[in-house]
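Asks: Sequence first, predicted coordinates after that:
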Amino acid sequence: MTDRPTSAAYLASGFRDVDGTGELATFLGCLQYLEELPTVQAYKQQALNRLELGDGMTVIDVGCGLGFDVARIAAAVGRTGRAVGVDPSAALLRAASTNPRVTLPNVAWVLSTGETLGLRAEVVDAVRVDRTLQHVADPRRVVEEMYRVLRPGGRIACAEPDWGTFVVTSGQREETRRIADFWCDSFRSGWIGRRLTPLLRRAGFVDVEVTGHLLVAEGVDAIDRVFDVKTTAARVSASTGDTSFGQRWWDALCTDEWPTAGVTVFLATGRKPSGESTPDAALGQAVAGSASAD
C-alpha cells in the first residue's frame, strides 16, 4: 500500500497534536468534509436545539476546530451574545478566524485545552463539546471544567462517537474486526460515547438525556476521508507483519457494490443545578486576554 503507516496525520491520533504533526491540510480536509455530511448536520442541530440558546447568552465550544459550530452559536445568541471557540491548536484557530462561514462579530477565539479553560467560575450560559473528548486521556477533567464555568441552570451538550460501534460493509468479517478494533484503540478514549451519561452525572449535571445518532459515510472515498480505513489497514499490516493484509482488505472494499461505514454518535445533554449564582463580569477580559488566533 502507498500510505505511510507511521504518518502523524493518522486521524485517530493526530488530532491530539495537530500543530505538531506538520500535516495541517489532512485535518482541515477531514473537518471540512465532515461538515457537509447530512448525518453530521443532523446530530449537530439536535445538540444546538437541546442547549436552548437565546439572545444575549455566552456559549463556549470546546475543541472548536474550524469554527463551524461557533458560527451556528453566534447566530443563535444574537448581537448581544457571545460565541467563544476554544481549541489547543493555534493552526486550527487561525484557520477558524479566517473561515468565510464564520463572519459574525460576536465571536472570540481562545487558545486553550478543555482541561483548563482559563475562565472564572460560573460565567457562561451554555457549553458544548463535539468529537473532542475521544482524543482526551481523561475526559472527566474536561467535563468537570465545563461544569465549573457554567452558571447555575446552564446547559451542556456532548456529542462523541463510540468506536466500539464502528461498522464497515465487508465480507471479510475477521479482518474487518481487526481493523475496527485497531482504529478504536488508536483513540485515547475510543469508548467515550457510552461513558458520557455517567461522566455528566458524576460531575453534578441533572436532567441528563442521551440519544444515539448514526454518522454514516457512503462510497470508498467518503469512508476513507472520514474513517481513515486505508491507513488503518496499512497499520494493521505493519503491526502483524502480514504485509499483504491491508492491501487485500482495501481491494475487497473497493469492489463492494455499495460500500458503507458508520458509527454511533452519542449525544448527552444536561443542566447544572440552579442555585445562587456568583456573578462575574470578567468573561470579556478573560477571553480578550487568553488568545487571539494570530
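Replies: Cool, the structure landed. Numbering: from 1, shown residues only.
Asks: For the stretch 151-294 of the chain, which segments are assigned as helices?
Replies: 173-185, 192-203, 220-227, 229-240, 245-254, 283-290 (DSSP state H, counting those that start in this stretch).
Asks: Single out the most deeply packed of those.
Replies: helix 229-240 (a mean of 21; mean count of other Cβ atoms under 10 Å). All C-beta atoms are positioned from the backbone trio N, CA, C, and that covers glycine.
Asks: So which elements touch that helix?
Replies: helix 173-185, helix 245-254 (3 or more Cβ pairs under 8 Å, 6 or more residues apart in numbering; DSSP states H and E).
Asks: Hmm, residue 263 and residue 162 touching each other?
Replies: Yes - the criterion here is Cβ atoms under 8 Å, and residue 162 meets it with residue 263 at 7.1 Å.
Asks: more crowded one of the two?
Replies: A direct count of neighbours by other Cβ atoms under 10 Å for residue 162 and residue 263 places residue 263 higher, at 24 against 21.
Asks: Roughly how far does the more buried one sit from residue 11?
Replies: Note on residue 263: its distance to residue 11, by Cβ to Cβ, to the nearest Å, is 13 Å.
Asks: do residue 144 as well
Replies: Counting by Cβ to Cβ, the separation of residue 144 from residue 11 is 27 Å.
Asks: okay, these two: which has more neighbours?
Replies: Shown here are residue 144 and residue 11; by other Cβ under 10 Å, residue 11 has more neighbours (20 against 15).
Asks: Let me see the contact set for that one.
Replies: Listed by Cβ atoms under 8 Å, 6 or more residues apart in numbering, the contact set of residue 11 reads 26, 27, 30, 227, 228, 231.
Asks: could the helices and strands packed on helix 229-240 be laid out in CSV, adding mean pLDDT and distance to residue 127?
Replies: Putting the helices and strands packed on helix 229-240 into CSV (pLDDT from 0 to 100; distance: least, Cβ to Cβ, whole Å) gives the following:
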stretch, mean pLDDT, distance to residue 127
helix 173-185, 97, 27
helix 245-254, 95, 38
